[in-house]
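> Provided below are the primary sequence and the corresponding predicted coordinates.
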Amino acid sequence: MIKELTKAGLGKLESDEQYTTYASRYGFGAVDLNPLSFVQTYGIEQAQHLLESNQVIIGSADFPVEWRSADEQFGEGLPNLVSMAEASAALNVDKCCTYILPSTDYPAATFMAVATKRLRLCADILDAYVIRLGRA
């Protein structure tokens, strides 16, 4: 198992470069970063270099789709999923996760049917980039 460092409770960091350096320095093998914003900030080559030179990986990609909301919001998030998957694949991130709340305001059967359909579609999109969708 790889120890992963999250930014929760670390205080103000100057940059993701500092974050990856600290993670490496203190024995962490993975960091909790958004692959898409990391690539947008540093470019693919520099982002890859920061991870490789610090011998850390991104443990899991953020799930950018509002799958619990209205159909329109869900559909609007799918292009973001593709962009995130492209950035993740470039950085060798092979996991993405979301969470499922223990209760809902919707009828259980309806929610399960909608959630299954939407998450299956998202998992299929991610699969094209060799990324597995999980839940926490």
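Nice, thanks for sending it over. Numbers count the residues shown, from 1 in each chain.

> For the protein, which segments are assigned as strands?
Using DSSP state E, the strands found in the chain span residues 4-5, 30-31, 57-58, 95-98, 132-135.

> Comparing these, which yields the minimum mean pLDDT?
For the strands of the chain, mean pLDDT drops lowest on strand 132-135, to a mean of 84.

> Just the CA coordinates for the helix or strand of the chain with the lowest mean pLDDT, please, in CSV.
Scoring the helices and strands of the chain by mean pLDDT, DSSP states H and E places strand 132-135 at the bottom, with a mean of 84. Extracted in CSV, the C-alpha atoms of strand 132-135 (Å, rounded to 0.1, in the frame of the first residue of the first chain):
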residue,chain,number,x,y,z
ARG,A,132,-11.1,2.5,-13.0
LEU,A,133,-14.0,4.2,-11.3
GLY,A,134,-14.5,3.4,-7.6
ARG,A,135,-16.3,4.8,-4.7
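
> deepest of the strands of the chain, which one?
Ranked by mean neighbour count, the strands of the chain are led by strand 57-58 with a mean of 22 (mean count of other Cβ atoms under 10 Å). All C-beta spots, glycine's among them, are computed from the backbone N, C-alpha and C.

> list the helices and strands that one packs on?
Packing partners of strand 57-58 (3 or more Cβ pairs under 8 Å, 6 or more residues apart in numbering; DSSP states H and E): strand 30-31, helix 35-53.

> Farthest from the middle of this structure: give me that residue.
Pro107 (28.7 Å; Cα atoms, centre = their mean).

> any idea how far Asn92 is from that one?
Applying Cβ to Cβ, to the nearest Å, the value for Pro107 to Asn92 is 41 Å.

> Let's have the strands of the chain in TSV, adding distance to Tyr42.
Formatted as TSV, the strands of the chain follow (distance: least, Cβ to Cβ, whole Å):
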stretch	distance to Tyr42
strand 4-5	18
strand 30-31	13
strand 57-58	12
strand 95-98	20
strand 132-135	25
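
> Need the per-residue pLDDT for the most centrally placed residue in the chain.
Centroid check for the chain by Cα atoms, centre = their mean gives Ala61 as the closest residue, at 1.6 Å. pLDDT, Ala61: 91.

> Surely it and Ile131 touch.
Yes. Using Cβ atoms under 8 Å, Ala61 is in contact with Ile131, at 6.8 Å.
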